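Engineer: Mind folding the following:
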Amino acid sequence: MKKAIIYIPNKNPMQSGLSKNKWILEYKTEDPVKNPLMGWESSSDTFTEIKLEFSSRDLAINYAKKKKIDFEIIEPKKRKIVKKSYADNFLK
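Structural biologist: Residues are numbered from 1 along each chain as shown. A predicted model of the protein is given here:
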């Protein structure tokens, strides 16, 4: 059986928004092989090239269950927001 991970990708560091609205289902490689010529890691498993996007976590889980895919869910970390005032720069 294929194994997959379901997660929300990190935002691009060039963006300042907080929107994380898509869940990704990505297959894990099972047989990575080191290429003798270049030293790169490669695989003959073409499922590793597939990334499926879902609008919610439940849709991704339902898809994996329907297709009988073993999956692991990686929950997003909660972002700690510290409110600061501009005046705090001058109070030290």
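Engineer: From here on, just use CA atoms for contacts and neighbour counts.
Structural biologist: Noted.
Engineer: quick one: Pro13 from Leu37, how far?
Structural biologist: Applying Cα to Cα, to the nearest Å, the value for Pro13 to Leu37 is 34 Å.
Engineer: again with Phe54
Structural biologist: 38 Å.
Engineer: Show me which of those two is the more surrounded one.
Structural biologist: Taking other Cα atoms under 10 Å, Phe54 and Leu37 do not tie; Phe54 has more neighbours (18 against 6).
Engineer: Would you mind giving both backbone torsions of the residue nearest to the more buried one when sequence neighbours are not counted?
Structural biologist: Excluding the flanking residues, the one nearest Phe54 by Cα to Cα, 6 or more residues apart in numbering is Trp23, at 5.1 Å. Dihedral pair for Trp23: phi -100, psi 140, per degrees, to the nearest 10.
Engineer: Quick check, pLDDT for Thr48.
Structural biologist: Predicted confidence (pLDDT) for Thr48: 80.
Engineer: Now stretch 58-66 - C-alpha only, CSV.
Structural biologist: Output of stretch 58-66 as CSV, limited to C-alpha atoms (Å, rounded to 0.1, in the frame of the first residue of the first chain):
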residue,chain,number,x,y,z
ASP,A,58,-11.5,16.3,5.9
LEU,A,59,-11.6,16.2,2.1
ALA,A,60,-8.0,15.0,2.0
ILE,A,61,-8.7,12.3,4.7
ASN,A,62,-11.8,11.1,2.9
TYR,A,63,-9.9,10.9,-0.4
ALA,A,64,-7.2,8.8,1.2
LYS,A,65,-9.7,6.5,2.9
LYS,A,66,-11.6,6.0,-0.4
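Engineer: Run through who's touching that stretch.
Structural biologist: Contacts to stretch 58-66, defined as Cα atoms under 8 Å, 6 or more residues apart in numbering, come from residues 6, 23-25, 53-54, 70-71.
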